[in-house]
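Peer 1: next one to model:
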Amino acid sequence: MGDASCSISKDGHRRRRTGPGLALQVMKCETHGHFTVYPMGHVPYGRTAVAPVNVAGDPVRVGAAAAPLAQWRQTLFEATAAVSGPRWHRELGRADAVQRRQTEEAANILGLSPDIDQTLAERIRAELSLPGLDHDKARRDYAAARGHVERARAIVPLLQLLVVNDSLCARVLRAGFLAGVWGRPLVVEVHTKKAFPSPGTPPVPTRSAGDRTPHESVAAPPGDPP
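Peer 2: Numbering: from 1, shown residues only. Next up, the predicted model:
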């Protein structure tokens, strides 16, 4: 992980008020300085999980009697999962600005935003293993929607099509990276030593290269301490 000259070691923990809700492992690189390892499902500066997974990356399961999209509550897709007409505000208890931001982030991650061109949207769709016709329809519906409630409703069909399995977290992290929602995630599978995304995968720029270190947004593989 990192350059050939990197020498990396653990260097304590730090606590956060938001995000995973547990102490995060701080690492020290002799070449590039300190960085933080986030548990699966969380990204730097994120307040909630990016997918319905636990800190080991295992999907959260819900019973057959659960409400639609119940497993997506307590994630950044919460506004989309909760959209239901007049209950929209009461269920979340959040201001319009928060719901609007969550809706916009969800649309970017799923490749629905009009700011994402068709070529990039197709790459995101493929990463998420979403059906092409359904994705095209959702893009049209989202572009035609008026107000963030209608936009959230346009997202719901795609969220229902996302398969909740062991690869879900990796798929969402890759999609968010391609959409420019967060920086390049590095997840190392401890047995194969494989990482994603593959080197050279270009993101939509979100910040200047000087704002990031080579170790930004490193997610802890299952079994490692947070």
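Peer 1: give me the mean pLDDT for stretch 29-46.
Peer 2: Summarised as a single mean, pLDDT over stretch 29-46 is 78.
Peer 1: do a quick rundown of the strands in the chain.
Peer 2: 8-14, 24-29, 33-38, 186-188, 195-196, 218-219 (DSSP state E).
Peer 1: residues in contact with the nearest residue to residue 79 once chain neighbours are set aside?
Peer 2: In this structure, residue 79 finds its nearest non-sequential neighbour in residue 102, 3.8 Å apart by Cβ to Cβ, 6 or more residues apart in numbering. Glycine gets a C-beta too; all of them are placed from N, C-alpha and C. Going by Cβ atoms under 8 Å, 6 or more residues apart in numbering, residue 102 touches 76, 77, 78, 79, 80.
Peer 1: am I right that the fourth one is in contact with residue 153?
Peer 2: Going back to what we said before, that points to residue 79. No: judged on Cβ atoms under 8 Å, residue 79 makes no contact with residue 153 at a distance of 10.8 Å.
Peer 1: just want to know which of these two has more residues nearby.
Peer 2: residue 79 (27 against 19; other Cβ atoms under 10 Å).
Peer 1: now do that one against residue 111, distance only.
Peer 2: From residue 79 over to residue 111 the distance is 18 Å, taken as Cβ to Cβ, to the nearest Å.
Peer 1: before we move on, what about residue 96?
Peer 2: 24 Å.
Peer 1: looking at the two, which one has more neighbours?
Peer 2: A count of neighbours by other Cβ under 10 Å puts residue 111 above the other of residue 96 and residue 111, at 27 against 12.
Peer 1: close enough to count as contact, that one and residue 135?
Peer 2: Yes: between residue 111 and residue 135 there is a contact at 6.9 Å, judged by Cβ under 8 Å.
Peer 1: domain parsing for the protein?
Peer 2: 8-46+182-219, 70-168 (automatic domain parsing).
Peer 1: coming back round to it: per-residue confidence for the residue nearest to residue 79?
Peer 2: 85.
Peer 1: do the one 3 residues further on as well
Peer 2: Among the per-residue scores, residue 105 holds a pLDDT of 92.
Peer 1: number the chain from 9, please
Peer 2: All set: I'll call the first residue 9, so the last point we hit is now residue 113.
Peer 1: contacting residues for it?
Peer 2: Counting by Cβ under 8 Å, 6+ apart, residue 113 has contacts 84, 189.
Peer 1: try residue 161
Peer 2: By Cβ under 8 Å, 6+ apart, residue 161 lies in contact with 91, 153.
Peer 1: how much space separates it from residue 152?
Peer 2: Relative to residue 152, and taking Cβ to Cβ, residue 161 is found at 11 Å.
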